[in-house]
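Chemist: here's my sequence, what's the structure:
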Amino acid sequence: MRSLALVPGLLLGLGAACPQGAPINDDNAAIGEGEGDPAAEGEGEGEPGEGEGEPGEGEGEPGEGEGEGEPRGCADEEDCARIVSAEFPATLACNAEAVATVVVQNAGTATWTRASHRLGGVDDSDPFHAPDARIYLPDDVEVAPGADYSFSITLRAPSTAGSYSSDWRMVHELVRWFGDSVVRDIVVQCEPHHARAGLVRAHGHVLEDDEGPFVGLGATMMWAAWGYQHDRARLEQNLAFLAEHGFDYIRALGTVGDPTRGDDYWEGREIDPSAPGFDDAIAGLTDLAYDVYGLRVEWTIFGGTETAPTEGEQQALIDRFLAMSVGREHKILHFETGNESWHVGFEGDEGTDRLRRLTRYLRDRTDILVAASAPASADCEGLRDYYEGEVADLATVHFDRNPAEEGWRPVRQPWGLYREGGCGFSLGIVASNNEPIGPGASVASDEDPERLAAAAITTYVANIPLYVFHSRAGVRGDVDLFTMAGVDAFTHVKDIVPPDVTGWQQWNHYQAEAHPFLIFATLADGTRVPNSTWTDEDGAVAGVVRAYAARAGGEFLVSVIGVKGAAELEARFAMSVDVIEPVSGAVATRQLQAGERITLSGHGAFALRGHAL
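Modeler: The predicted structure is shown next:
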């Protein structure tokens, strides 16, 4: 066993006798007042604490029992502990990490081992050490009676500013909490996140503001206006997470749900323009998202029309959003009149005509970019019905989520919208991939981080500058965005993608005159079929689903998706190329001559960014 030495630290106080559960006398440290600690309770022995009842017969494990059972503290002398010293930071930046140390003396008769005794977060939780609020002894360490041990606690600050308590106590697992507690208040301070400056403008397929061109990464937060009024803390936790993980904006609904019905999907989450404080909420959310978290808002005004059923009432609600936007134009990414309006009150030809009138009315009264809605089908007919005739500045598109091709088909759906002769090309307006497949999404769901990151990159390569992470958590807000699989897959995407890539020329793999690479599908007998994907060839054992390219002069970016086996690509000209894994951002740089091949394997997607030599 390793020898144990006392680690120097701030001596906070020992207390008189261990059974009394001595308090720690320090400005921001105390024995858990209100935790059932003996000294705090003023009783001779005391129980582990409110919400931490000791096991014993019928008394539950640590953290259970809600204070049931006879108070004992260190009464039986087997388990007893004194806090010798503790060092915690007084302040932390949001999401920052620091190490705290707590030196504990074994004042009982039982030897502590990894299997039996731990330092535990009081109430089985701690805001700085989630999800497992336990600090374990090393396998090769035993703490004998009378010995001290220094526990190191890696703290990670929450994403939201405030004052938080971190409190710890020894626990004999499945038996009892015992001895002194250490409680420290830590102030978490968040610097405002950088917010891009200026009004968002469209030039061709490129979006720009006062800081230049950019590609936008958004997240569905339909419930955000409700959260601003009714659950601000959770709203801010989610906004902070998005800001820390590379997101640029949220997509929020302006109104949704029917407050007069009890069986409405949105029951308990209605956003009602007639409710008190509505105008303050939409303005407050816009300010909070941008001023504190650096996030713009895509305001989808109508998630339903139950609270504004007539065109006059709908126009009046648009007027309220227009009034709110004055002076906040730079904080709003764009307006969208309705979410899938074809089934939320704008049905049929009459509904389409009304949607177009309202969209034009909105567009004529603001410099903010305006979209109409996503049509029921992302084909040319649907898009023209909504967008032909300069009704809007931007088209919001909900692409097909059919998860064919081993889940890769939804990833490639944006390609072609802006190819020459495509619907977007002929309409001449910029677009958004506004509600793609994602974790827990309706109709079809995808939790794979590689496919999600590749979907964003493919969207940008397809000349579409906006991609929205759409998930179950983003709809009603019953769960948090940061619990969704794949939400952290986008951290490196904007480091990979040039900010003006949506203005580059598109090339598919079969366009030999300009695509950087020749691709191959490999058959079971080893035959390599050039200019072919594995989806094209029955029985193919290796290859890709697609390799979409964007080029500007000698520069290129290729989104390679659906890699199966060992996929070979052949350089069509001399080049320097970074082979990038989209989720981790890992990079391998290669110099290739024309005709030289590289093999991709181990991941389902890669981004190839480089330039001609």
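Chemist: for the residue nearest the centre of the chain, what are its contacts?
Modeler: Nearest residue to the geometric centre of the chain (C-alpha atoms, centre = their mean): Val487, 4.1 Å. The contact partners of Val487, taken as C-beta atoms under 8 Å, 6 or more residues apart in numbering, are Ala219, Phe241, His245, Pro439, Phe469, Ser471, Leu481. Quick note: C-beta positions are derived from backbone N, CA and C, even for glycine.
Chemist: next: Trp408.
Modeler: Trp408 touches Arg451, Val545, Arg546, Ile561, Gly562, Gly604, counting by C-beta under 8 Å, 6+ apart.
Chemist: and this structure, what are its domain boundaries?
Modeler: 18-189, 201-502, 506-612 (automatic domain parsing).
Chemist: and of those domains, who's closest to Ala195?
Modeler: domain 201-502 (4.1 Å; C-beta to C-beta).
Chemist: can you pull the buried residues of the one helix or strand His611 maps to?
Modeler: Here His611 sits within strand 605-612, counting by DSSP states H and E. Buried residues in strand 605-612, defined by neighbour count with 16 or more other C-beta atoms under 10 Å: Ala605, Phe606, Ala607, Leu608, Arg609, Gly610, Ala612.
Chemist: how about stretch 251-259?
Modeler: By neighbour count on 16+ other C-beta under 10 Å, the buried set for stretch 251-259 is Arg251, Ala252, Leu253, Gly254, Thr255, Val256, Gly257, Asp258, Pro259.
Chemist: how close does the residue nearest to Val443 when sequence neighbours are not counted get to Ala441?
Modeler: Of all residues not flanking Val443 in the chain, Arg401 sits nearest, at 5.2 Å (C-beta to C-beta, 6 or more residues apart in numbering). According to C-beta to C-beta, to the nearest Å, Arg401 stands 7 Å off from Ala441.
Chemist: check Gly602 too.
Modeler: Taken as C-beta to C-beta, the span from Gly602 to Ala441 is 27 Å.
Chemist: cool, Gly303 as well?
Modeler: Applying C-beta to C-beta, one obtains 16 Å for the distance of Gly303 from Ala441.
Chemist: same question for Tyr265.
Modeler: Taking C-beta to C-beta, one finds Tyr265 at 15 Å from Ala441.
Chemist: the more surrounded of those two?
Modeler: Taking other C-beta atoms under 10 Å, Tyr265 and Ala441 do not tie; Ala441 has more neighbours (21 against 12).
Chemist: nearest residue to that one in space, please, no chain neighbours.
Modeler: Per C-beta to C-beta, 6+ apart, closest to Ala441 is His470, 5.3 Å.
Chemist: let me see the contact set for that neighbour.
Modeler: Thr220, Glu435, Pro436, Ile437, Gly438, Ala441.
Chemist: can you rerun that using 10 Å?
Modeler: By C-beta atoms under 10 Å, 6 or more residues apart in numbering, the contact set of His470 is 218-220, 222, 251, 398, 401, 433-442, 445, 452, 484.
Chemist: picking that back up, from the contacts of Val487, which land in strands?
Modeler: Those of those mapping onto strands are Ala219, Phe469, per DSSP state E.
Chemist: keep only those of the contacts of Val487 that are in helices.
Modeler: Those of these mapping onto helices are Phe241, per DSSP state H.
Chemist: among the contacts of Val487, which one lies nearest to Ile368?
Modeler: Ala219 (19.6 Å).
Chemist: so what's the closest one bridging to?
Modeler: Ile250, Phe469 (DSSP bridges).
Chemist: and it, how far from Val545?
Modeler: For Ala219, the distance to Val545 - C-beta to C-beta - is 26 Å.
Chemist: so these two - more neighbours on which side?
Modeler: More neighbours surround Ala219 than the other of Ala219 and Val545, with 29 against 25 (other C-beta under 10 Å).
Chemist: mind checking pLDDT for that one?
Modeler: On pLDDT, Ala219 comes in at 98.
Chemist: repeat that for Gly60.
Modeler: 33.
Chemist: how many residues are close by Asp319?
Modeler: 13.
Chemist: so where does it fall, helix or strand?
Modeler: Following DSSP H and E, one finds Asp319 within helix 311-325.
Chemist: moving C-terminal from that helix, which element do we reach first?
Modeler: Where DSSP H and E defines the elements, the next helix or strand beyond helix 311-325 is strand 332-338.
Chemist: in its sheet, what does that following strand sit against?
Modeler: By DSSP bridges, strand 332-338 pairs with strand 296-302 (parallel), strand 370-371 (parallel).
Chemist: ok, back up a step: need the domains of the chain in JSON lines with distance to Ala195, can you?
Modeler: Below are the domains of the chain laid out as JSON lines (distance: least, C-beta to C-beta, whole Å):
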{"stretch": "domain 18-189", "distance to Ala195": "16"}
{"stretch": "domain 201-502", "distance to Ala195": "4"}
{"stretch": "domain 506-612", "distance to Ala195": "24"}
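Chemist: give me the contact list for stretch 526-538.
Modeler: Contacts to stretch 526-538, defined as C-beta under 10 Å, 6+ apart, come from residues 404-406, 408-409, 412, 508-512, 515, 518-524, 540-547, 561-565, 567-568, 570, 597.
Chemist: quick one: Tyr164 is in a strand?
Modeler: Yes. Under DSSP: H, G, I helix; E, B strand; the rest coil, Tyr164 falls within a strand.
Chemist: which residues touch it?
Modeler: Per C-beta under 10 Å, 6+ apart, neighbours of Tyr164: Leu92, Asp126, Pro127, Phe128, Leu155, Ala157, Pro158, Arg184, Asp185, Ile186, Val187, Val188.
Chemist: in a markdown table, list those along with distance to Tyr290.
Modeler: Output for the contacts of Tyr164, formatted as a markdown table (distance: C-beta to C-beta, whole Å):
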| residue | distance to Tyr290 |
| --- | --- |
| Leu92 | 25 |
| Asp126 | 32 |
| Pro127 | 26 |
| Phe128 | 28 |
| Leu155 | 30 |
| Ala157 | 23 |
| Pro158 | 21 |
| Arg184 | 34 |
| Asp185 | 30 |
| Ile186 | 28 |
| Val187 | 25 |
| Val188 | 21 |
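Chemist: let me know the next secondary structure element after the lengthiest strand in the chain.
Modeler: Longest strand in the chain, counting residues (DSSP E): strand 176-189. Sequence-wise, the next helix or strand downstream of strand 176-189 (DSSP H and E) is strand 201-203.
Chemist: hey, C-alpha coordinates of the very next helix or strand once past that next one in CSV?
Modeler: Per DSSP H and E, the first helix or strand lying C-terminal to strand 201-203 is strand 206-209. Output of strand 206-209 as CSV, limited to C-alpha atoms (Å, rounded to 0.1, in the frame of the first residue of the first chain):
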residue,chain,number,x,y,z
VAL,A,206,-23.9,33.5,-49.3
LEU,A,207,-25.0,35.1,-46.0
GLU,A,208,-23.0,37.8,-44.5
ASP,A,209,-23.1,40.5,-41.8
